[in-house]
Structures are given as C-alpha cells and as structure tokens.
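Asker: Could you look at this predicted model? Sequence included:
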Amino acid sequence: MKEAITILRSEHRSISAVLQALKDLARMAQDATARPRFQVLRSMLRYIDEYPEKLHHPKEDEHLFKRLVARAPEARLLVEELQAEHEEGARLIRELERALLFLEEGWPAGAREFLAAVDRYAEFHWKHMRKEETQVLPLVEQHFTAEDWAAIDRAFAANRDPVAGLQERDFEKLFTRIANLAPAPVGLGEPWKAG
Ligand SMILES: [Fe+2]
Ligand SMILES: [Fe+2]
C-alpha cells in the first residue's frame, strides 16, 4: 500500500481510538456518584479538535483532494461534501466544548447533554472517515499517477519537518497522556471515585 494512504489510515485509527474512549467516558460520567476527572475529558477534546485541524485535514484538503479532482473530475461533488464536513466538524466541536464546560460547572447536571453531544460528534466523524476510506481512497488508488504519488510523498514528508515533527510528537504525547489519565477499564488511570 502507498505510504500516504497508510499515513492517512493510521491517523484515522488514532482519531477513532480517542473518539471511542470519549464515548465510554461520557457514559461513565452518567454515574452521579463519581465525579469525572475533567482534565482527561478536556485533553480528549483538544486531541479530536486539533489533530484533524492541524495535521490531518490539511493533508487531505491541500494534497489529496485537489489532485484527485484534477485527475477525476467526477469526484468533485464527493470532495466538496467532505470539505464541507471538515467545516461542519469544527462547528460540532465547539458545541461539544460548550457541553463539557456546562457539565464541569454543573455536574451532575449536564451529563445527558454531554453524552448526546459526544455521540452526535462521534457518529458524524465516523461517517466522514468511512466515506474517505470507502469512496475517496479507492478513487485515489485508481487515478493517481506515479508523478502524483511522488508529489504526495514529498508533501507528506514536508509534514515531518522540524516544526511539524514537533507537532506530531506533541500529539503522540497527548495521546499517551490521555491513555494514562483515562480511568480503568478505558485507560490506565485511577477509577473515578465517589465524592
Ligand atoms: Fe477528512
Ligand atoms: Fe480523514
């Protein structure tokens, strides 16, 4: 498989892992006897907000999508739909942040609304990633030329320059922190306690 496709798929896996963990914790937060540790919820939101925004979507928008439309004009509608979803995702994240703030201030009030916002966002983002994997990537593999792949590889490698590299490492660190802070059995952290 082409390196660029492997990278995009593996980024989808990282985002999915955090989304799944967030869904689990939003369910645990329904228990009014154990106050959630909000730090981990805030870290998760930061991850699913900034990782796509700073690392993942730019690769898709700037490199993959543009080139695909040039090679296969019939993909234009699909690409426009996905780009609109990148915008919509940013809006839904703001909704999620508001729901988390509300929960943190009023816990246990706001738990149900937070869970609903998390489920809505996770469903939205999963559909988006599935569309990319089942519709865009096959078209890309079908239509890209050797020259396209070389250009994409160069563009993705540029993503690993010292500044972007630092950013990627930051996200890896954040991912590890989330796994360490998330309460068992979702992560390796202490269970949320009563009181
Ligand atoms: Fe995307
Ligand atoms: Fe994606």
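Answerer: Cool, got the structure. Ligands and ions are numbered 1, 2, ... in the order given.

Asker: where does the protein dip in pLDDT?
Answerer: 1, 160-162, 194-195 (pLDDT under 70).

Asker: Could you list the buried residues of the helix ranked longest in it?
Answerer: As assigned by DSSP state H, the longest helix anywhere in the chain is helix 76-106. Across helix 76-106, burial judged by 16 or more other C-beta atoms under 10 Å covers 78-79, 82, 85-86, 89, 92-93, 96, 99-100, 102-103. C-beta: built from backbone N, CA, C; applies to glycine.

Asker: Let's see stretch 86-97 as CSV, backbone CA atoms only.
Answerer: Output in CSV follows, covering the C-alpha atoms of stretch 86-97 (Å, rounded to 0.1, in the frame of the first residue of the first chain):
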residue,chain,number,x,y,z
HIS,A,86,-14.4,19.5,7.7
GLU,A,87,-16.0,22.8,8.4
GLU,A,88,-19.1,21.3,10.0
GLY,A,89,-16.8,19.2,12.2
ALA,A,90,-15.1,22.3,13.6
ARG,A,91,-18.6,23.7,14.5
LEU,A,92,-19.7,20.5,16.2
ILE,A,93,-16.6,20.5,18.3
ARG,A,94,-17.5,24.0,19.6
GLU,A,95,-20.8,22.5,20.6
LEU,A,96,-19.0,19.7,22.4
GLU,A,97,-16.8,22.1,24.2
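
Asker: Name the residues that touch that stretch?
Answerer: Applying C-beta atoms under 8 Å, 6 or more residues apart in numbering, the set of residues contacting stretch 86-97 from outside is 45, 48-49, 52-53, 57, 60-61, 117-118, 120-121, 124-125, 128.

Asker: and with 6 Å instead?
Answerer: Outside stretch 86-97, the residues that touch it by C-beta atoms under 6 Å, 6 or more residues apart in numbering are 49, 57, 117, 121.

Asker: Could you tell me which residues make contact with the residue nearest to the third one when sequence neighbours are not counted?
Answerer: Pointing back at A117 there. Of all residues not flanking A117 in the chain, A99 sits nearest, at 4.1 Å (C-beta to C-beta, 6 or more residues apart in numbering). Under the criterion of C-beta under 6 Å, 6+ apart, the contact list for A99 reads 113-114, 117.

Asker: How about R177?
Answerer: Counting by C-beta under 6 Å, 6+ apart, R177 touches no other residue.

Asker: Can you tell me how far it is from L55?
Answerer: 17 Å (C-beta to C-beta, to the nearest Å).

Asker: How many neighbouring residues does the nearest residue to Q142 once chain neighbours are set aside have?
Answerer: Of all residues not flanking Q142 in the chain, A72 sits nearest, at 7.7 Å (C-beta to C-beta, 6+ apart). Burial measure for A72: 16 neighbouring residues, criterion other C-beta atoms under 10 Å.

Asker: And L8, by the same measure?
Answerer: L8 sits with 21 neighbouring residues when counted by other C-beta under 10 Å.

Asker: and it, what helix or strand is that in?
Answerer: Using DSSP states H and E, L8 maps to helix 3-28.
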